[in-house]
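# fold the following and give me the result.
(chains A, B and C)
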Amino acid sequence: MSEAEAIRTTVVSLPRRDAADKLRGRTRYTTDRLRPGTLCAVLLRSPVPAGRIVRLDMRPALAMPGVRAVASAADAPGRYGIGIADHPLFAADTVRYTGEPIAALAADTPEQARAALTAVELEIEPLGALLTMQASMAEGARLLHEGWKDYEILAQGGSRWGNVAWEATVLRGDVDAAFARPDVRIVENTFRVGRQSHVPFEPRAAIATWEDGRVHIEASTQVPWTVREVTARVMGLAPSQVRVTVPAVGGAFGLKFDASIEPIAAVLARMTGRAVMIENTRQEEFATCLCRENADIRIRSAIAPDGSIAAREATVLMDCGAYGGEQVFLTTMTAHTLGGNYRLGAVRLTSRAVYTNTPPNGAFRACNGVYCTFALERHTDEICTRLGFDPIAFRRRNVIGDGSLGATGQVFKGDVLGPMLDRMETLSTTGRCSPAEASSALAGRLADGRLYGRARTIGTWFIFVGPSSATVHLNGDGSASLVTSGVEIGSGSTVQGLPQIVAGQLGIAPERVVVKQADTDAAGFDLGVGGGRTTVSLGAASLAACEEVRRKVLEAAGELLQTPVSKLALREGRVEIAGSEGASASLIDVIAHAQATRGPISGSGSFTRPGEAAMAGCARGHFIEALDLPVFAVHEAEIAVDPETGHVEVLAYRVVQDVGRALNPRAIRSQIQGGVVQGLGYAMQEEITLDDLGRIQQNGFETYRVPLAGDVVPVEIDLFEGAPSIGPLGTKGAGEVPILNVGATIACAVANAMGAQVSQLPLTPPRVLGLARGREAAPDLGYVSLGG
Amino acid sequence: MSGRLIVASSIAEARAAREAGAAYIAGGSWVMRAPVRGETVSGDHVALTRVGELSRIDISGDRLTIGAAVTHDAIAGTLAGMPEFGGLAAAAGKSANPAIRRVATLGGNLCTIGFAAADLVPALLALDAEVTFVATNGLQQMPVERFLAQRHALLPDALVTAVHLRRAPRLSGHARLPMRKAGGDYPVAIVSVSLGSGNGERHVRLAVGSVEPTARRWTCLEAALDALSVLSPEAGAEAARAFLGDFAPRNGIEAPGWYRVEVLPVLVRRALALAMPGEESD
Amino acid sequence: MAIVFRLNGEAYRHEGDPMAPLVDVLRRGAGLTGTKAVCREGFCGACMVHVDGVPKLACLMPVGLAGGCAITTIEGLGGAMQRLGERFPDALRQAFIDEDVVQCGMCFPGMVMSLGAWLAEHPRAGRAEIKEAILGNACRCSGYERIVDAVMLCLRRMGG
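Below is the predicted model:
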């Protein structure tokens, strides 16, 4: 089948099959699956941010009415993590953040469980808590992980010392020489960003049972295989003794890209032999959210007289909280984001994941790409302001293109960002809503006295390509069953993109592709859902599986029709003979023939990253040295700032997104609208502050302000197709990247409107008014230094 | 061991339950959020929303009486088209979100001491409202200002039954500032104003809410506005700037104290514009 | 003391804590999990039910106050309970399906419960009014505009 033919049969704005049940309240998410007789588990959480557990006596709790089991570190002794295994399931002798699980208990009812918690005897000897990265990095600071040297290393290459969990560095070219050139002009900026909380409507939840010597966990998760792996590790089981299944997930956005409470349910299920459910309350979810991390950034660039970037160097400190988690991996992404977008003569980047006695952070839709893009694009605008360049022209001049070297020396393919900037120019001029007299200006005043600002930004992210597998069974009724570990978290990829791909390959209607819900007993290994993985990795594995199915079907059909396979095509549930009008066999007949002569038809496929090359020696401590599949985005925002209250209103928002091939254009547009709005929350309202116990102060929907309907505008969208892509049918995942540039775009627009240095997010009204009144102090980042 | 919920059908029944140790619950939007505040809902409760006398709205030629269990929604609906009470109608019609307005009550807004951002309270202050309540020594009535000052001592015993508003030729306006453009969150600062006249003199009543733990009148600004030869929204805002030091603003998770005070002149301007028809509003 | 009310047209009897939030009684007692418990503060709207035809937040209502009321949940809305004034919920659901708006789905029962009643009274609403009507219905996935598109489509279909 030619790619053109495949595209023709695959691309369609297929409606999602799970909408009707969701609209009737029939869909049963994990949190809806509590059956009578299931025990309810609750966690005993540390009340202090740092200390030694002197005494833990669970016996009084065990004696309380309805309590069936208690568990603590002794029952789950293993440690897990990314890069390094530093994370115990329960705090053993040391607590490292307020809210850290110390023990769990299971009771007949939630009320009995919560009552029993108060009976536990817990004594902690406090230690001095290190609540900021500055404190952790200070000379002589206490070690949060005293035994860090003995931790099992899961990935090689990162530097670790003191309270630095992981360091990744990039060095390409002679940076010092470039900065020392007499003809360059140097611009330096610092930035600070806070955390962002995902707020999926369904909290983390899991139901575990112990069946035939194995544990079965039903969980609201993006990563069934990670849950399986971590559960096995901490419980001392073989991974094959753990089965994870995943029903419909009520939102995730990366929060569920790691194991957290699921293994605890498993531990209690093994102890009691009963089904055990654990579900975070909304307050627990806020308090222990695996947030997008807070970070401090220092960046400087040497700009040559011709406007090129002779050198760029930066240090990024990323707060991983009490345990390394996702931030260990994310030190890799600085290179591709803060070090991305533009051609750099020489570059030096240092990214450190730093321990603090605060709740561990994690992955959230485009992760550190969001704040790295904010820092990079604000820095770019500062360069333009100080050195007298037009910000759009400067970007156009320096943006990467075909053959450009990335920060780690990879060679980018295709001219993508350049043409995307052109497309934004068109989209912008036709849609511009600013006053006519200010139509070319980036700043001005509106009739109502508010300040007007406009900005355009560039972003680079990636598709998280990695191991995936798929199996396709052809059924006797002419339908197909697709078995993967794909999870439906809401983006629609498992109910749209994947069945579209399979249907397109097999010549059947997408509605006739059954998509099995994730089950680690049924499907092969998969790295997890998120980061565009479903469409690209699972899609590619599904495509490969279909190739095997097609081969077998056409072979059987060839026999049945007495025709060479090369003349056969699958279309609309039939096998047709090319050029022979009306001569065909029904797929059902072919399948029946095959089943009778060879057996049932199925195929398997696999996919992982081909392994794009970086320049040798450039990158150290990286999990991904070069991007196999970059994704680009150009955003523009028009905003109004009320100079008397600091309120920022979005007047218009535009996106040109690099999608490779749009398999379901309508679904992609929905993802872009949703992702941009989440980005607006990050940019303007979703603030997280910590108190003096390192606790997140925003503990509910009242204090943590997510965007509401009246806060948003319809995003104007242009889907850019045709960029080189290793994805199936040339597609790239589209669900994650819409959020990437939003913080940057809003920040740049506000900076333009106010003529002010925006160096922090979110731009809440008090922060903006503070900037206007000159009372917003720049953050003290003196402790962040450049150089190796 | 769960507590009881007594659904009172009369004031006497409600008081008796209270005396026996039950806690009042009106709309439920405060009590039912106890877990979010780290508290538990425990003990007996007595519900007030089915007490007919508390849910009445009486309009006469010179008075408006609103029962303590009347909801924000009902208040907004009833007062629509009564320009004199525009401020109170706006306060009731814009608070929180539509579903909360259907259950949150006037009494709850007045009696929840911990709720600094209550919308109705400054509007009642600006309209010189009086509060009636039943206590051990019978039915009492006092200006809302005095009730607010004493409610800490009064409330364990008192049951607020109604709020009374005098009708007079005046106009009122209410300006609230949430952090989101859409709203839906509690305002970080509120200004409520009424403009009346008597004996040929201007009488401005202006109350500020959410800036301090309890709403109160901004009397020094009232005097300054009364003294202005010409009152305009802009002149009011300008005058307000001179009296910002009058407040000891509260810091909160949603906004620091300095911000709440800094935005007051804008809110004064907006509230005045809403109370002065024909003026340019924001 | 038992609390008795009508639930989706049938009698329901609750014997436990009268201060239990209605949302928990519906989900665990009656097994009706379509009503979602998300924020438990009244700010997200996912727990919306109809109490005597009026949309109310089930997380803020003690079950003891449901006595004698007629409660309708998402499972009982529209469909078999069609009356003239109840055409909107089904029409709204169809518009959401036709515009392919649903994503994770957790906010949608609340959206349908809030809007189904409101639309009947506001047949000529515009985008701004619709957004105000769903001020108390948060959605984390969709970014709202597609929801408003679908509501406008529903109004066009119902109004002609």
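# please make it C-alpha for all contacts and neighbour counts, starting now.
Noted.
# ok, now which ones touch residue 263?
As the question left the chain open, I've gone with chain A. A:P263 makes contact with A:89, A:227, A:230-231, A:234, according to CA atoms under 8 Å, 6 or more residues apart in numbering or on different chains.
# was after chain B, sorry
Under the criterion of CA under 8 Å, 6+ apart, the neighbours of B:V263 are A:644-645, B:189.
# from those, which is closest to chain C?
Nearest to chain C among these: B:A189, at 19.5 Å, using CA to the nearest CA.
# follow-up on the earlier one: just put the contacts of B:V263 in JSON lines and tack on secondary structure, neighbour count and distance to chain C.
Below are the contacts of B:V263 laid out as JSON lines (DSSP: H, G, I helix; E, B strand; the rest coil; neighbours: other CA atoms under 10 Å in any protein chain shown; distance: CA to the nearest CA, whole Å):
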{"residue": "A:E644", "secondary structure": "coil", "neighbour count": "19", "distance to chain C": "24"}
{"residue": "A:T645", "secondary structure": "coil", "neighbour count": "22", "distance to chain C": "22"}
{"residue": "B:A189", "secondary structure": "strand", "neighbour count": "29", "distance to chain C": "20"}
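# make JSON lines from those and add pLDDT to it.
Formatted as JSON lines, the contacts of B:V263 follow (pLDDT from 0 to 100):
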{"residue": "A:E644", "pLDDT": "97"}
{"residue": "A:T645", "pLDDT": "98"}
{"residue": "B:A189", "pLDDT": "98"}
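# what parts of the stretch 101-250 of chain B come near chain A?
Proximity of the stretch 101-250 of chain B to chain A (CA under 8 Å from any CA of the partner chain) is limited to residues B:179-186.
# among those, which one sits closest to B:I11?
Set against B:I11, the nearest of these by CA to CA is B:Y186 (30.9 Å).
# so that closest one, which of the three states?
coil (DSSP: H, G, I helix; E, B strand; the rest coil).
# hang on, it packs against B:A96?
Yes: under the criterion of CA atoms under 8 Å, B:Y186 makes contact with B:A96 at 6.4 Å.
# who in chain B is up against chain C?
Proximity of chain B to chain C, by CA under 8 Å from any CA, involves residues B:2-5, B:7, B:28-29, B:32-33, B:36, B:41, B:47, B:97-100, B:102-103, B:182-184.
# what subset of those is buried?
Taking 16 or more other CA atoms under 10 Å in any protein chain shown as the criterion, what is buried in these is B:4-5, B:7, B:28-29, B:32-33, B:36, B:47, B:97-100, B:102-103, B:182-184.
# what about A:G490, which helix or strand?
Using DSSP states H and E, A:G490 sits within no helix or strand.
# give the contact list for it.
Contacts of A:G490 by CA under 8 Å, 6+ apart are A:249-251, C:102-105, C:141.
# picking that back up, now the contacts of A:P263 in TSV, with neighbour count, distance to chain C and secondary structure?
Converted to TSV, these look like this (neighbours: other CA atoms under 10 Å in any protein chain shown; distance: CA to the nearest CA, whole Å; DSSP: H, G, I helix; E, B strand; the rest coil):
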residue	neighbour count	distance to chain C	secondary structure
A:L89	28	26	coil
A:V227	26	21	helix
A:V230	24	26	helix
A:T231	33	26	helix
A:V234	22	30	helix
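# and those residues, which is closest to C:G29?
Proximity of the contacts of A:P263 to C:G29, judged by CA to CA, is greatest for A:V227, which lies at 30.6 Å.
# OK, contacts around the closest one?
A:V227 is in contact with A:244, A:258-259, A:262-263, counting by CA under 8 Å, 6+ apart.
# show me where chain B has its helices.
Using DSSP state H, the helices of chain B run over B:11-19, B:72-79, B:86-94, B:98-101, B:106-111, B:120-126, B:144-154, B:219-227, B:233-241, B:257-262, B:264-275.
# winner for burial among those helices?
Comparing the helices of chain B by mean neighbour count (mean count of other CA atoms under 10 Å in any protein chain shown), helix B:120-126 comes out on top with a mean of 29.
# do I have it right that B:F133 meets B:D157?
No: the criterion here is CA under 8 Å, and B:F133 misses it with B:D157 at 9.7 Å.
# give me the more crowded residue out of these two.
The neighbour comparison of B:F133 against B:D157 (other CA atoms under 10 Å in any protein chain shown) goes to B:F133, with 20 against 16.
# can you tell me the SS state at the residue of the stretch 301-450 of chain A at minimum distance from chain B?
Residue nearest to chain B within the stretch 301-450 of chain A (CA to the nearest CA): A:D448, separated by 8.0 Å. Here A:D448 is coil, with the state taken from three-state DSSP.
# what helix or strand does the residue nearest to A:A20 when sequence neighbours are not counted sit in?
Residue nearest to A:A20 in three dimensions, not counting chain neighbours: C:I97, with 6.8 Å by CA to CA, 6 or more residues apart in numbering or on different chains. Using DSSP H and E, C:I97 maps to helix C:87-98.
# still on that earlier bit, filter the residues of chain B next to chain C down to just the ones in strands.
Applying DSSP state E to these, the entries found in strands are B:5, B:7, B:47.
# now those as TSV including pLDDT?
Compiled in TSV, these are given as follows (pLDDT from 0 to 100):
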residue	pLDDT
B:L5	96
B:V7	96
B:A47	97
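# list the residues that contact the most centrally placed residue in chain A.
Nearest to the mean C-alpha position of chain A, counting by CA atoms, centre = their mean, stands A:R365 at 3.5 Å. Residues near A:R365 by CA under 8 Å, 6+ apart: A:253-254, A:530-531, A:736-737, A:739.
# B:S9 - nearest residue in space that isn't next to it in sequence?
In this structure, B:S9 finds its nearest non-sequential neighbour in B:V51, 4.4 Å apart by CA to CA, 6+ apart.
# these two touch, right, the one you found and B:I6?
No: B:V51 is not in contact with B:I6 according to CA under 8 Å; the separation is 11.5 Å.
# any idea which of the helices of chain B gets closest to A:A709?
So among those, helix B:98-101 is nearest, using CA to CA, at 13.5 Å.
# just checking, what packs against that closest one?
In terms of contacts (3 or more CA pairs under 8 Å, 6 or more residues apart in numbering or on different chains; DSSP states H and E), helix B:98-101 is packed against helix B:72-79, strand C:54-57.
# where does C:V49 fall, phi/psi-wise?
When read as degrees, to the nearest 10, the backbone of C:V49 gives phi -130, psi 170.
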